[in-house]
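*Asks:* Need a 3D model of the following:
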Amino acid sequence: MNKQKPFLVKIGGKATSTPAGVMTFLVDYLKKPRDRQLILVLSAFGKGTNALEYLYNYFCEIDSGNLSPRDFKGDPRSYFEEYASVLLKNQDMQFYDKLFDKVEIVCSKIAMEDLNDYEKNKFKAELLAQGEIMSVALLSEHLQREGVKHVVVPAHEYIHTDSNFCNAEVMWPETSSALSSAMHNFTDAAKWPIIIVHGFIGRDRVGNITNLGRDGSDLTAMLVAQAYGLREVTLCKDVKGVYYPNADRNDKPISLLSYREAREYVVNETGTLIFPLSIDFAEKNKIAIYVAHYNAPEQIGTTITRVAL
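*Replies:* I've put the predicted structure just below:
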């Protein structure tokens, strides 16, 4: 490999909505030959976070609102097991059983009576984090069995936050030092051609797992970029870029946006395309955001930056 800057990409959501999608859009992509190091920030597979939140609501006897068990076939264990079956090729499924044991342990805590709000939120964040933890573990195990060189950097050991468990605020000075030290252990691209980082999760001062908020993996990617000295991040979505409101499906995405303009267009009636705090962090630290479709991570649809290129 040459001395090109690493390519940092965040992937999740619909790119991994099915086990077949994980193999087609993620695993095959990781196995392609490349001339520079790849850093992958990974979200929970498919509707994994929804499945775990539904599980939390069940044990807390909370109405799940728009969360439908149909999204994850009614059973979170079976939902993740489908991914495990494909990635592990139905061999040594005890590996998956041990992963899901952690989910069941957290659920047993949530099921306890007389929990206060602090405890409920703490256990909820720990439960939701298992989506990223299981997804990264299953992907890494598959790559290891296939002989694909890579390393996993557990984000929750290095991203420091406050104790607002499910919408935690990043404590940047501590995170910068810890994450930078961790990432710079793997600068040898020949030895570590792929670095995989958990999205969405961090840890508070006393070691409790925290969440950065829904779509918080976008922010994880920015934190990793800044810690690793990168000035470009690619966010893979289920669209080719950012579009004007009410754009026709055949329209081309907006090729260039300022950070201010991006804030206006990334939140619409269909949801949030980019986590707003990630835009704030990118602007403050002069990180260009590239938006691409997960089918083609290196074909940029929209560039978000401070000034016109």
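
*Asks:* need the next SSE after the stretch of helix or strand Tyr54 belongs to, C-terminal direction.
*Replies:* Of the helices and strands defined by DSSP states H and E, Tyr54 is found in helix 48-60. Elements were assigned by DSSP H and E; along the chain past helix 48-60, the next helix or strand is helix 76-87.

*Asks:* re the thing from before, list the helices and strands the helix holding Tyr54 packs on?
*Replies:* Judged by 3 or more C-beta pairs under 8 Å, 6 or more residues apart in numbering; DSSP states H and E, the packing partners of helix 48-60 are helix 76-87, helix 94-110, helix 117-145. Just so you know, the C-beta spots here come from the backbone N, C-alpha and C atoms, and that holds for glycine as well.

*Asks:* CSV for these, including mean neighbour count and mean pLDDT?
*Replies:* Output for the helices and strands packed on helix 48-60, formatted as CSV (neighbours: other C-beta atoms under 10 Å; pLDDT from 0 to 100):
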stretch, mean neighbour count, mean pLDDT
helix 76-87, 20, 94
helix 94-110, 15, 95
helix 117-145, 21, 97
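
*Asks:* So which residues of the stretch 101-250 of the chain form helices?
*Replies:* 117-145, 172-183, 217-228 (DSSP state H, counting those that start in this stretch).

*Asks:* how far off helix 217-228 does the longest one point, in degrees?
*Replies:* Which is helix 117-145. Angle, helix 117-145 to helix 217-228, by axes from the mean of the first three to the mean of the last three C-alpha atoms, to 10 degrees: 70 degrees.

*Asks:* same question, the second one
*Replies:* Relative orientation of helix 172-183 versus helix 217-228 (the same axes, to 10 degrees): 70 degrees.

*Asks:* average pLDDT across helix 172-183?
*Replies:* On average, the pLDDT along helix 172-183 is 95.

*Asks:* which strands and helices sit next to it?
*Replies:* Applying 3+ C-beta pairs under 8 Å, 6+ apart, we find helix 172-183 packed against helix 217-228.

*Asks:* List the contacts of the helix it packs on.
*Replies:* Applying C-beta atoms under 8 Å, 6 or more residues apart in numbering, the contact partners of helix 217-228 are 6, 8-10, 12, 39, 41-43, 132, 155, 159, 170, 175-176, 179-180, 183-184, 197-201, 212-213, 230-233, 235, 274-275, 277-278, 281-282, 285, 287.

*Asks:* got a list of contacts for stretch 156-166?
*Replies:* 121-122, 124-125, 128-129, 168-171, 174-175, 178-179, 181-182, 198, 201-206, 208-213, 220, 223.

*Asks:* Span of that stretch from start to end?
*Replies:* One end of stretch 156-166 sits 13 Å from the other (C-alpha to C-alpha, to the nearest Å).

*Asks:* what comes up buried for it?
*Replies:* Within stretch 156-166, the residues scored as buried using 16 or more other C-beta atoms under 10 Å are His156, Tyr158, Ile159, His160, Thr161, Phe165, Cys166.
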